[in-house]
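**Student:** Just a sequence and a predicted model for now, questions to come.
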Amino acid sequence: MVCCVPVKGYFEENCFFYIDDHSLHGFLIDPGAEAGRLLDLIQREGWTIEKILLTHGHFDHTGAVSQLREMLDIPVLAHENADRYLLDPKMNLSAFCVGNWIVKDVDCLKDGDRAALSGNPAFALKTIYTPGHTTDSVIYYSERDGIAFVGDTIFKGSIGEYRYPGGDRNTLLKSIRERIFTLPENTVLYSGHSGETTVKAEMRRYSTISTL
């Protein structure tokens with residue numbers, strides 16, 4: 001089960017729950033704001049969240065992390081380059097919008113690592129490194145369910161912003177071409193700031209990668 005919850009802090013951002021229908025255990029991806037509202041939903045639905053996963057370290061994707069980690073007593077996982085953003089308010093952009101926000105003590109993931117549920121290791125997400133929006137950007141892919149949580153790497157009808165610190169257009173295009181467009185065409189893409197789309201739909205929009 002995928003549950004998209006748009007949350008509003010300084011910006012609106014899509015937070016996602018990825019839940020095992022059988023055990024009701026799962027992952028929380030990019031909780032950017034409204035920790036209390038997200039906790040209420042977790043309790044109301046009877047979910048057990050085992051891990052918080054971050055697609056990248058910008059503040060609009062991490063604003064509720066510290067509060068939820070304390071409430072739920074669970075680990076936070078992000079790419080091994082994430083501290084560059086999580087510990088630096090200028091890099092994570094919070095210094096320019098809401099003040100100096102940081103997130104400490106995050107467990108590191110490398111390209112290819114799997115985040116799995118303790119009670120059901122088959123329910124897992126593969127970490128795929130997709131730099132370009134930031135140097136710590138990843139997507140989380142489930143081959144079993146044919147879905148990917150893509151953060152701000154690609155959106156429905158557009159690509160991620162590459163003019164923030166650490167961003168690079170050519171690197172972003174390479175990530176999209178080699179890491180996202182090589183997934184099965186029917187893979188559903190869930191992004192941080194748009195509606196859902198598919199690999200096939202985005203490849204159709206961009207008949208050649210150079211037009212992106």
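**Tutor:** Perfect, I can see it now.

**Student:** can you give me how far stretch 153-172 is from the chain middle?
**Tutor:** On the basis of C-alpha atoms, centre = their mean, to the nearest Å, stretch 153-172 sits 14 Å off its chain's mean C-alpha point.

**Student:** Likewise for stretch 168-179?
**Tutor:** For stretch 168-179, the separation from the chain centroid amounts to 17 Å (computed by C-alpha atoms, centre = their mean).

**Student:** ok, the nearest residue to Val150 once chain neighbours are set aside - contacts?
**Tutor:** Leaving aside its chain neighbours, Val150 sits nearest to Ile139 (4.5 Å; criterion: C-beta to C-beta, 6 or more residues apart in numbering). To be clear about C-beta, it is placed using only N, CA and C from the backbone, and glycine gets the same treatment. Taking C-beta atoms under 8 Å, 6 or more residues apart in numbering as the criterion, Ile139 is in contact with Thr55, Thr127, Ile128, Thr130, Ala148, Phe149, Val150, Gly151, Thr153, Arg179, Ile180.

**Student:** Just the buried ones among those, please.
**Tutor:** Thr55, Thr127, Ile128, Thr130, Ala148, Phe149, Val150, Gly151, Thr153, Arg179, Ile180 (16 or more other C-beta atoms under 10 Å).

**Student:** Tell me the spacing between the residue nearest the centre of the chain and Gly36.
**Tutor:** For the chain, Thr55 is the residue whose C-alpha lies nearest the centre (C-alpha atoms, centre = their mean; 3.1 Å). According to C-beta to C-beta, to the nearest Å, Thr55 stands 22 Å off from Gly36.

**Student:** Same question for Pro75.
**Tutor:** Per C-beta to C-beta, Pro75 is found 21 Å from Gly36.

**Student:** can you check Val188 too?
**Tutor:** Distance from Val188 to Gly36, by C-beta to C-beta: 29 Å.

**Student:** what does Arg69 give?
**Tutor:** Counting by C-beta to C-beta, the gap from Arg69 to Gly36 is 14 Å.

**Student:** Give me the more crowded residue out of those two.
**Tutor:** Shown here are Arg69 and Gly36; by other C-beta atoms under 10 Å, Arg69 has more neighbours (20 against 11).

**Student:** beta partners of the nearest residue to that one once chain neighbours are set aside?
**Tutor:** Among residues not flanking Arg69 along the chain, Val76 sits closest, at 5.6 Å (C-beta to C-beta, 6+ apart). Counting by DSSP bridges, Val76 forms beta bridges with Ile52.

**Student:** quick one, longest helix in this protein?
**Tutor:** helix 35-45 (DSSP state H).

**Student:** Return the residues in contact with the closest residue to Gly99 other than its chain neighbours.
**Tutor:** Sequence neighbours aside, Pro89 is the residue nearest to Gly99 in space, at 7.5 Å (criterion: C-beta to C-beta, 6+ apart). Neighbour list for Pro89: Phe59, Ala95, Gly99, Asn100, Trp101, Ile102 [criterion: C-beta under 8 Å, 6+ apart].

**Student:** Fine by me, thanks again.
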